[in-house]
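**Student:** The amino acid sequence is not available; the structure is as follows:
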């Protein structure tokens with residue numbers, strides 16, 4: 001009979017534990033393995049985490065600095081960033097019930113922890129604010145994009161909401177400020193194949209069967225700029241940004257497309273003019289028609305700002 005596993009360690013300050021599996025091996029201690037497995041994390045950091053009780057095994061037993069290595073064991077630990085930049089914009093909860101939390105996300109705020117962001121992410125902020133440790137995003141938008149993000153509360157119903165996105169049964173509308181090109185005909189549909197580019201965080205179009213589709217229309221024209229409505233059928237990373245740049249109308253303040261622009265991490269003066277304006281679907285749990293709309297508005301008269 002297998003040994004029963006203890007419950008997942010609790011969330012601390014809005015952050016859930018990370019997990020690493022220990023393979024078969026001959027490391028003298030678990031600490032030695034962790035230092036080799038994560039070369040960017042100094043041994044002193046692991047020792048401090050252990051001192052604070054922030055490293056435990058799958059049975060809830062603390063991992064101490066001298067604990068002998070044991071393969072085929074899961075170890076949980078809590079990440080911490082000593083110098084994490086503050087994102088000076090606040091999210092707004094638009095809706096909450098027993099199944100969903102819907103949020104209006106500001107520009108520059110990542111949805112989930114990654115890289116240099118941990119506490120300053122939408123997920124961790126909401127866990128701290130609402131006290132809901134089970135909160136998970138059903139979908140995601142780029143940190144550069146503002147607008148509506150939907151979160152699931154209950155693990156039992158989460159997959160029902162994920163299935164809506166897998167079956168393309170969610171109506172998503174975005175708005176963007178970008179150059180006006182009289183030679184283009186709208187509405188139009190851009191469908192192409194989007195693949196990994198260079199550097200690794202950029203995407204590009206390539207030959208082959210299309211895997212991304214966006215319907216694009218014009219809402220308003222003001223001189224050299226226009227406000228566009230973008231309706232993605234698929235959900236590829238950076239899809240809207242890639243498609244707009246490919247049409248020769250890159251979104252205002254896009255630092256990735258059509259070319260890289262060097263911008264300081266703490267420069268919040270030029271938000272990407274892309275907004276997840278609304279999201280609509282038939283709720284698979286309650287049967288209700290849902291439509292959530294962002295309160296933000298892109299300013300065509302003053303591109304580079306969000307009202």
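**Tutor:** Arrived safely. Being a predicted model, the structure only gives us computed values, none of them experimental.
**Student:** I figured residue 252 hits residue 273, correct?
**Tutor:** Yes - taking contact to mean CB atoms under 8 Å, the distance of 4.0 Å between residue 252 and residue 273 places them in contact. Where you see a C-beta, it was placed from the backbone N, CA and C, and this is true even at glycine.
**Student:** More neighbours: those two, which one.
**Tutor:** In this view residue 252 and residue 273 are compared by other CB atoms under 10 Å, and residue 273 has more residues nearby, 27 against 20.
**Student:** State the pLDDT value of that one.
**Tutor:** Residue 273 is assigned a pLDDT of 97 by the prediction.
**Student:** Residue 147 is in contact with that one, correct?
**Tutor:** No - with the criterion set as CB under 8 Å, residue 273 and residue 147 do not qualify as a contacting pair; they are 11.8 Å apart.
**Student:** Check the residue nearest the centre of the chain and give its pLDDT.
**Tutor:** Taking CA atoms, centre = their mean, the centroid of the chain lies closest to residue 111, which sits 3.8 Å from it. In the prediction, the pLDDT value recorded for residue 111 is 96.
**Student:** Please enumerate the helices of the stretch 51-200 of the chain.
**Tutor:** Ranges of helices in the stretch 51-200 of the chain, per DSSP state H, counting those that start in this stretch, are 122-130, 155-166.
**Student:** In a markdown table: those helices, plus distance to residue 294.
**Tutor:** As requested, the helices of the stretch 51-200 of the chain are arranged in a markdown table below (distance: least, CB to CB, whole Å):
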| stretch | distance to residue 294 |
| --- | --- |
| helix 122-130 | 14 |
| helix 155-166 | 18 |
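**Student:** For residue 234, find the nearest of these.
**Tutor:** helix 155-166 (10.0 Å; CB to CB).
**Student:** what's the offset of the closest one from the middle of its chain?
**Tutor:** 17 Å (CA atoms, centre = their mean, to the nearest Å).
**Student:** Now do the buried residues in it.
**Tutor:** Within helix 155-166, the residues that count as buried by 16 or more other CB atoms under 10 Å are 157, 158, 161, 164.
**Student:** who does that helix touch, helix- and strand-wise?
**Tutor:** Contacts of helix 155-166 with other secondary structure elements, assessed using 3 or more CB pairs under 8 Å, 6 or more residues apart in numbering; DSSP states H and E, are made with strand 146-152.
**Student:** ok, residues contacting the strand it packs on?
**Tutor:** Where contact means CB atoms under 8 Å, 6 or more residues apart in numbering, the residues beyond strand 146-152 that reach it are 94, 99-107, 111, 122-123, 126, 135-141, 158, 161-162, 174, 271, 274-279, 292-294, 296, 306.
**Student:** Ok, stretch 171-184 next?
**Tutor:** Residues external to stretch 171-184 that are found in contact with it (CB under 8 Å, 6+ apart): 145, 147, 218-219, 221, 223-232, 240, 244, 247-252, 273-281, 298-300, 303.
**Student:** hmm, 7 Å instead?
**Tutor:** The list of residues contacting stretch 171-184 from outside it, by CB atoms under 7 Å, 6 or more residues apart in numbering, reads 219, 221, 224-232, 240, 244, 247-252, 273-281, 298, 300, 303.
**Student:** Okay, domains of this protein per the record?
**Tutor:** What the record gives for the chain is the domain set 18-77, 92-293, from automatic domain parsing.
**Student:** out of the ones you listed, which comes closest to residue 8?
**Tutor:** With CB to CB as the criterion, residue 8 lies closest to domain 18-77 of the domains of the chain, at 7.4 Å.
**Student:** Need the distance between the two termini of the closest one.
**Tutor:** For domain 18-77, the separation between the terminal residues is 5 Å (CA to CA, to the nearest Å).
**Student:** Quick one: mean pLDDT for it?
**Tutor:** Along domain 18-77, the predicted confidence averages to a pLDDT of 93.
**Student:** what pairs with residue 194 across the strands?
**Tutor:** Beta bridges link residue 194 to residue 205 when assigned by DSSP bridges.
**Student:** Can you give me the distance of it to residue 277?
**Tutor:** Distance of residue 194 to residue 277, computed by CB to CB, to the nearest Å: 22 Å.
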